[in-house]
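Trainee: build the 3D model from these lines:
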Amino acid sequence: MKQVSIAIPEDDIGWARSRVAAGEFASVDAYFGQLARRDRAEAEETAWLQGQIDKGLASGVDPRTPEQVFRAFRARMRAATVKRFTTSAP
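Mentor: Here you go, the predicted model:
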């Protein structure tokens, strides 16, 4: 594990110490380590979501009306339900 020295406002250190005192973290180091891991996970999730948005935008506009899209969805769901209940179990 690498050791670094950073300047943190006293009120933030106080907050971290209060979390340690409450038994939520073993140490101030553990608190800031968890904070960094949570930040990384959030950044990864944001990047994934942005990728999905970009993919959707790049796919273009569906020429169907919302009603046509909904009808097609309902038809697919009905077909899947019928197939599920009419297919014999192995």
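Trainee: Tyr31: neighbour count?
Mentor: 20 (other Cβ atoms under 10 Å). (C-beta placed from N, C-alpha, C; glycine too.)
Trainee: and if you look at Ala16?
Mentor: 20.
Trainee: what does Arg19 give?
Mentor: 15.
Trainee: which ones are touching it?
Mentor: 25, 31 (Cβ atoms under 8 Å, 6 or more residues apart in numbering).
Trainee: what helix or strand is it on?
Mentor: helix 10-21 (DSSP states H and E).
Trainee: for the strand or helix carrying Thr81, which outside residues touch it?
Mentor: Taking DSSP H and E as the criterion, Thr81 maps to helix 66-86. Defining contact as Cβ under 8 Å, 6+ apart, one finds that helix 66-86 is touched by 62, 64.
Trainee: now with 6 Å, please.
Mentor: Counting contacts by Cβ atoms under 6 Å, 6 or more residues apart in numbering, no residue outside helix 66-86 touches it.
Trainee: average pLDDT for it?
Mentor: Summarised as a single mean, pLDDT over helix 66-86 is 90.
Trainee: alright, I will stop here.
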